[in-house]
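> curious how this folds, go ahead:
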Amino acid sequence: MAALNEIADMETPVTSMAISSDNTFLLLGCEDKCVYVRSVVTGTEIHRLDRHGEKATKIQITGDCHHAVIGCTNGSIYIYNLRTTELLDVYEVPGTCPVTSVCCSRDESLIFAASKDQVSVWSLHKRYTRDVLDNNHTDHVTCITLSKDGKNAYSGSKDKTLKCWNLDINDFSESLQGHDGPITCVALANDEAFAATGSEDRTVKVWSLTVGVIVTNYQEHGALISSVSILEDNLRIISADAKQNIHIWRADEGLPLIKCTGDTALLAVSPNSLYVASGEGNNSIQMWTTEDGNLVKTLHHKDDITCLTFSQDSQFLVTGSTDCSLKVWEGDTGKLTQVLVEHRAAVSCISVTNNNSSVVSGSHDNAVIIWDVCTGVVEHKCLGHTDTVTTIRLTEDGISAISGSKDGMLRVWSIMHGTPITVFDMHVPVINLIITSDASHIVVHLENECHVPLMCLHNSPIQDVKSSHINLELHEDSGVLPIRPTPVQINRTVIRYRVSARIPKASISSIPEIIKLSPFKAPLQSVKGKKFRRDKSQKHVNWDKSADTSKQKTPRPKSSTCIVL
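Just a heads-up that it's a prediction; the model follows:
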């Protein structure tokens, strides 16, 4: 049988190895006392683990692919963060005999290590860093985003770092550093394979979230990056800067595909990635296509436009303005279909239900209004905030809305009845929030704060959520709230078992086969039936800013309780 690939550049003999369960990492323990972390895909070296200072005899990788358990000749067990190379814990096996075998229990709560004629057992506390101060940003948080499966949240900050938060355990996961200036915006690929961050250093960096390294550094912009979005095909990125330049480029190569000049203060990309709406905060916005950068239409309000959003199916674009009105436009033609008038002050935020039946808006008049899109009628006017409503998010089933305000309050509303469900006081003005599809997890962006509150909504009125992304195992120790407690550091107990000597037996092992396939070289995907053509030529488009003249009933919601973790 022919070998598919080989790693022939090792400078020292290999004594032990292990492969991660997701086939991403290959760990090689060598005679030089280092453990080399290599990519299974390419065979190239990512980094090395060398804090143990002894030759590795056995290597085990945990199922989450975040931790490496290494047994050494000095009889010690070393626990590493596989992605950051940080040494987390050291366990000492009684005596100085070499560790002959290491394994974890099925639930990975225990570590077993064999040495000579005994087996030692420790409890495994999975943490991502020893430095608890590293959990929080050291400067104000500027942007947040959430993975599509609702398991991870990401925050960017003026401290130049991007931090990942694991929502399954409600704790800090890892920190990514590489920018030379404050991070201003962040976007996440649909498959969470990579993230893109924009910064005041005028660059957009693409991070591989699998290995935690920068794979592309885009430096074509000449000013602060104000917005970044990843298109549906996970191949193209749209970035905008403060000098009104908008670029579309390839994520894997940093190759510019289209360069446009236009307004960039407000920018939204349709979920189908076919259209972009952008404006400068004046009374007009431009709609243009991502395929060739051509202008579709210029849309107008009487006064300055303050917010805009596309519906989930890209059928509608909704805009809000300081003229106290909202306008609903067709998402592909820009044709005006509805005008919504009821607010008494400037509209500040908008959200649309997944079935396009309702629009929910917030305003400087402190009110949250629920509209019927077809008739333009106000269904409910929700009062309770005492300052400007800054952000609104809706659950996937359209039953509940969550609003944040400068009054520091988070309020949960029933969309069907317009009644308050629960409220939580953050004590600090709320700038933005993002939620999972059933609102079981809420990530909050606070004004001028270094902290990222991770909230849980228990006893939620949202039921029968069809999303397959959420699979949370909540403890039911209490009859009131199924709260998952955060793991705490505990004292480990060592148990020794006497093992009788066995006659050595020869074993046969095979060399793992490494398939050489780069995920970035996969065939280009089509977007909504339109074939994506790779065009290396740069297209420059100057826009003419001249104006064109042209329910289903659901059960009554139950009460909820919101807590901070």
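> state the helix or strand in which residue 434 lies.
Using DSSP states H and E, the element containing residue 434 is strand 430-435.
> what lines up beside that strand in the sheet?
For strand 430-435, the paired strands and their directions (DSSP bridges) read strand 441-446 (antiparallel).
> averaged pLDDT, the strand it pairs with. What do you get?
What strand 441-446 shows for mean pLDDT is 93.
> ok, residues contacting it?
Strand 441-446 is contacted from outside by 141, 143-144, 146, 150, 153, 155, 165, 167, 402, 404, 410, 426, 428-436, 452-457, 562, using C-beta atoms under 8 Å, 6 or more residues apart in numbering. Backbone N, C-alpha and C define where each C-beta goes, glycine included.
> now list the buried members of those.
Of the members of the contacts of strand 441-446, the ones counted as buried by neighbours, 16 or more other C-beta atoms under 10 Å, are 141, 143-144, 146, 150, 153, 155, 165, 167, 402, 404, 410, 426, 429-436, 452-457, 562.
> keep only those of those residues that are in helices.
With DSSP state H as the criterion, helices contain none of the buried ones among the contacts of strand 441-446.
> which members of those residues are positioned in strands?
With strands taken from DSSP state E, the overlap with those comprises 141, 143-144, 146, 153, 155, 165, 402, 404, 410, 430-435, 454-457, 562.
> now residue 101: closest residue in space that isn't a chain neighbour?
Among residues not flanking residue 101 along the chain, residue 114 sits closest, at 4.2 Å (C-beta to C-beta, 6 or more residues apart in numbering).
> and the next element down the chain from the strand or helix carrying that neighbour?
Element membership for residue 114 (DSSP H and E) is strand 110-115. Using DSSP H and E, the next helix or strand after strand 110-115 towards the C-terminus is strand 118-123.
> using CSV, list the CA coordinates for that next one.
The C-alpha trace of strand 118-123 is given here as CSV (Å, rounded to 0.1, in the frame of the first residue of the first chain):
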residue,chain,number,x,y,z
GLN,A,118,1.2,1.4,40.1
VAL,A,119,-1.6,3.5,38.6
SER,A,120,-2.3,7.0,39.8
VAL,A,121,-5.6,8.9,39.3
TRP,A,122,-6.3,12.6,39.4
SER,A,123,-9.3,14.8,38.8
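> residue 113 contacts residue 78, correct?
No - counting by C-beta atoms under 8 Å, residue 113 does not reach residue 78; the two are 11.0 Å apart.
> so what pLDDT did the residue nearest to residue 101 get?
pLDDT for residue 114: 91.
> please apply the same query to residue 39.
Taken from the predicted model, the pLDDT recorded for residue 39 is 85.
> what about the strands in the stretch 301-450 of the chain?
According to DSSP state E, counting those that start in this stretch, the stretch 301-450 of the chain carries its strands in the segments 305-310, 316-321, 325-330, 336-341, 347-352, 358-363, 368-372, 378-382, 389-394, 400-405, 409-414, 420-425, 430-435, 441-446.
> for those strands, which one sits closest to residue 194?
Taking C-beta to C-beta as the measure, those were each checked against residue 194, and strand 430-435 came out nearest at 18.7 Å.
> which residues of the stretch 351-500 of the chain score low on pLDDT?
Segments of the stretch 351-500 of the chain classed as low confidence (criterion: pLDDT under 70) are 459-500.
> any idea whether the nearest residue to residue 71 once chain neighbours are set aside is helix, strand or coil?
For residue 71, ignoring the flanking residues on the chain, the nearest one in space by C-beta to C-beta, 6+ apart is residue 99 at 3.1 Å. Secondary structure, DSSP: H, G, I helix; E, B strand; the rest coil: residue 99 is coil.
> since we're on residue 99, how many residues are nearby?
The number of residues packed near residue 99 is 25, by other C-beta atoms under 10 Å.
> how about the one 3 residues further on?
For residue 102, the neighbour count with other C-beta under 10 Å is 22.
> now swap in the one 10 residues further on and tell me
Residue neighbour count, defined by other C-beta under 10 Å, stands at 18 for residue 112.
> so it makes contact with residue 106?
No - taking contacts as C-beta under 8 Å, residue 112 lies outside contact range of residue 106: 11.5 Å.
> secondary structure element for residue 229, which one?
Here residue 229 is assigned to strand 225-230, by DSSP H and E.
> so for that strand, what's the average pLDDT?
The predicted model gives strand 225-230 an average pLDDT of 95.
> ok, then the element right after it?
Read in the C-terminal direction, the helix or strand following strand 225-230 is strand 236-241, with elements assigned using DSSP H and E.
> packing partners of that following strand?
Contacting strand 236-241 under the criterion 3 or more C-beta pairs under 8 Å, 6 or more residues apart in numbering; DSSP states H and E are the following elements: strand 194-199, strand 204-208, strand 225-230, strand 245-250, strand 266-269.
> may I have the shortest one exported as CSV, CA atoms only?
Just to be clear, that refers to strand 266-269. Presented in CSV, the C-alpha positions along strand 266-269 are these (Å, rounded to 0.1, in the frame of the first residue of the first chain):
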residue,chain,number,x,y,z
LEU,A,266,-23.9,52.5,8.0
LEU,A,267,-23.4,49.2,6.3
ALA,A,268,-25.5,46.0,6.1
VAL,A,269,-25.1,42.9,4.0
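> now the end-to-end length of stretch 332-342.
27 Å (C-alpha to C-alpha, to the nearest Å).
> just the buried positions in that stretch, please.
Of the residues in stretch 332-342, 332, 334, 338, 340, 342 count as buried by neighbour count, 16+ other C-beta under 10 Å.
> state the distance from the last one to residue 240.
Okay, so that is residue 342. According to C-beta to C-beta, to the nearest Å, residue 342 stands 32 Å off from residue 240.
> ok, the first one next?
Distance, residue 332 to residue 240, using C-beta to C-beta: 22 Å.
> perfect, I'm done here.
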